[in-house]
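A.B. asks: sequence and predicted structure below; questions after.
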Amino acid sequence: MDVPPAKRPRVDPRQGYRYNPASKVSSEDGSKALKRAESGAGGLGRKAGIAVFWLLLAYLVGMSSVSIIPSLFFPEIGPRPTGPTVSRCAMEISALERTLMDRTAATLRDPQTGGASRWLAAWDARYLALDGGCGPLENARKDLAGLRTGLEALLNSYEQGPMQVRERIRRALQSLSERRREPNAKSPPKG
């Protein structure tokens with residue numbers, strides 16, 4: 001690939017190996033800059049900038065380590081996240097209890113709703129959000145977890161036994177009602 005003559009840089013053989021067409025620095029200017037850099041006068045600002053950079057970096061790493069390392073390796077002394085307020089905790093415990101009872105009743109009434117596993121995962125997520133501690137309501141929060149466990153066991157045992165019996169009873173009653181309608185539909189109307 002040959003460069004056309006108009007695009008070639010002009011090289012002056014008298015300037016030697018230090019020739020830079022962009023800066024047009026002569027060999028005398030280069031030697032003065034080299035002497036100034038060797039004397040340390042020109043590097044003082046650069047050295048100060050490097051020192052400030054490393055000090056700020058060390059400060060950033062140190063301050064990050066103050067909270068992160070204790071939280072990872074010593075959770076008991078690490079900073080704790082703030083928990084919900086007592087009033088918010090009371091409202092959430094009440095709402096969770098109401099939701100738990102309503103959904104359990106709905107599942108018992110209509111087993112076609114998909115069972116407990118569908119809505120218990122969302123309920124658990126809301127319950128775990130209260131994990132920061134509810135102060136005086138902590139025992140009520142733990143009792144709510146016990147209620148949830150008991151109702152889940154009730155629903156599981158209901159699905160394995162009584163629900164199937166209930167379905168058999170409903171099918172028997174439905175077939176009986178269909179049989180009763182059939183003779184009435186075939187008989188001629190009176191009139």
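C.D. replies: Cool, got the structure.
A.B. asks: helix, strand, or coil at L72?
C.D. replies: helix (DSSP: H, G, I helix; E, B strand; the rest coil).
A.B. asks: and the gap between it and S65?
C.D. replies: As judged by Cβ to Cβ, to the nearest Å, L72 and S65 stand 10 Å apart. Where C-beta positions appear, they are placed from N, C-alpha and C, glycine not excepted.
A.B. asks: just E92 next, same as before
C.D. replies: 35 Å.
A.B. asks: between the two, who's got more neighbours?
C.D. replies: E92 (19 against 10; other Cβ atoms under 10 Å).
A.B. asks: other residues contacting stretch 86-104?
C.D. replies: The contact list for stretch 86-104 (Cβ atoms under 8 Å, 6 or more residues apart in numbering) reads 83-84, 116, 119, 123, 126-127, 129-130, 134-137, 140-141, 144, 147-148, 151, 154-155.
A.B. asks: emit the PyMOL select command for whichever of those residues are buried.
C.D. replies: Buried members of the contacts of stretch 86-104 can be picked out in PyMOL with the line below, counting by 16 or more other Cβ atoms under 10 Å:
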select buried, resi 83+84+116+119+123+127+130+134+137+141+144+148+151+155
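A.B. asks: which SS class is E76?
C.D. replies: Per three-state DSSP, E76 ends up coil.
A.B. asks: what does R141 give?
C.D. replies: R141, by the three-state scheme (three-state DSSP), is helix.
A.B. asks: thought it was touching C134?
C.D. replies: Yes: with contact defined as Cβ atoms under 8 Å, R141 reaches C134; the gap is 5.0 Å.
A.B. asks: right, and the helix or strand after the helix or strand containing A48?
C.D. replies: Taking DSSP states H and E as the definition, A48 sits inside helix 44-73. Sequence order places helix 86-109 as the next helix or strand after helix 44-73, per DSSP H and E.
A.B. asks: quick one: buried residues of that following helix?
C.D. replies: Buried residues in helix 86-109 (16+ other Cβ under 10 Å): 89-90, 92-93, 96, 100, 103-104, 107-108.
A.B. asks: pull the most distant pair out of the residues you listed.
C.D. replies: Spatially, the most separated pair among the buried residues of helix 86-109 is C89 and L108, at 28.6 Å (Cβ to Cβ).
A.B. asks: got a pLDDT number for A122?
C.D. replies: Note on A122: pLDDT of 88.
A.B. asks: S65 too?
C.D. replies: pLDDT, S65: 84.
A.B. asks: how far away is it from S157?
C.D. replies: In terms of Cβ to Cβ, S65 sits 52 Å off from S157.
A.B. asks: and P70, by the same measure?
C.D. replies: From P70 to S157 the distance is 45 Å (Cβ to Cβ).
A.B. asks: what about those two, which has more around it?
C.D. replies: P70 (14 against 11).
A.B. asks: the more buried one reaches E76, doesn't it?
C.D. replies: No: if you go by Cβ under 8 Å, P70 and E76 don't touch, sitting 9.0 Å apart.
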